[in-house]
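Student: model this:
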Amino acid sequence: MNGPADGDPDLLRTVHSFDRVVRLLRRLTTPDGLSLTAASTLYRLDEFGAHRLSDLAIAEGVTQPGMTQLVSRLQRDGLAERRSDPADRRVVVVDITPAGRELVLRRRATRAGKLAELLADLSADERAAVVTSLRVLDRLAARTTPLRAGND
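Tutor: Residues are numbered from 1 along each chain as shown. A predicted model of the protein is given here:
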C-alpha cells in the first residue's frame, strides 16, 4: 500500500505513539460497566447538549439501530432521556440526565486521579510538554469532531 505516510518515519512514529496513547486511555477507563461508545455518547451529550438520535449515531460512528439500542440502555439506567425537540415536536432528541452528568463527573475524576499518578513520575518540563501537546490535540479533535452540537 503506497500512501502519503509510507515514506515519513516521523509520521509513522507519531501514529504509533498515538495508538499507545489510545490504549492508555482505555486502561484509564473506570470499571463501571459502560462501553467506550456509551461513555463517549454521554460525554458528547454533556458537552454539546441534546442530539437527534441519527446525529448521535453519525457522530459516534455507529449504526442508527446500534445507537437506538445504546440509548435505550442509557435510558433504562437513568443516564439519558428521550424527549421532544422544542423546535419540532415530531423530532425526538436524546439528552443526558442529572445522573448521567454525575457519572461523567465521577469518571473524569477517577481518570484524573489515575493520570495524576502517571504524571507524578515526569519532570515539570515533561508535564508542561504533555499539557501543551494535549491542547494542540484538543484543537485537532475539535476540527474533526462531526456534529459538535445537536443540529449542526
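
Student: What residues does the spatially most central residue of the chain make contact with?
Tutor: The centroid of the chain falls nearest to Ser40 when counting by CA atoms, centre = their mean (3.6 Å). Ser40 sits next to Glu60 when contact means CB atoms under 8 Å, 6 or more residues apart in numbering. Using the backbone N, CA and C atoms, a C-beta is placed for each residue, glycine as well.

Student: which SS class is it?
Tutor: Following DSSP: H, G, I helix; E, B strand; the rest coil, we place Ser40 in the helix state.

Student: and what of Asp95?
Tutor: Asp95 falls in the strand class when you classify it by three-state DSSP.

Student: Skipping adjacent residues, who's closest to it in space?
Tutor: Nearest residue to Asp95 in three dimensions, chain neighbours excluded: Ala50, at 3.9 Å (CB to CB, 6 or more residues apart in numbering).

Student: quick one on the thing from earlier: kindly provide the distance from the residue nearest to the centre of the chain to Ala50.
Tutor: 16 Å (CB to CB, to the nearest Å).

Student: Tell me the spacing between Lys114 and Pro65.
Tutor: Counting by CB to CB, the gap from Lys114 to Pro65 is 34 Å.

Student: cool, Ala129 as well?
Tutor: Distance, Ala129 to Pro65, by CB to CB: 43 Å.

Student: same check, this time on Arg143
Tutor: In terms of CB to CB, Arg143 sits 29 Å off from Pro65.

Student: Kindly report the same for Glu117.
Tutor: 40 Å.

Student: Report pLDDT for Gly3.
Tutor: On pLDDT, Gly3 comes in at 58.

Student: Same check on Arg26?
Tutor: Predicted confidence (pLDDT) for Arg26: 77.

Student: Quick one: residues contacting it.
Tutor: When the contact criterion is CB under 8 Å, 6+ apart, the partners of Arg26 are Leu36.

Student: any low-confidence regions in the chain?
Tutor: Along the chain, segments meeting pLDDT under 70 span 1-7, 145-152.

Student: Many thanks, we can stop here.
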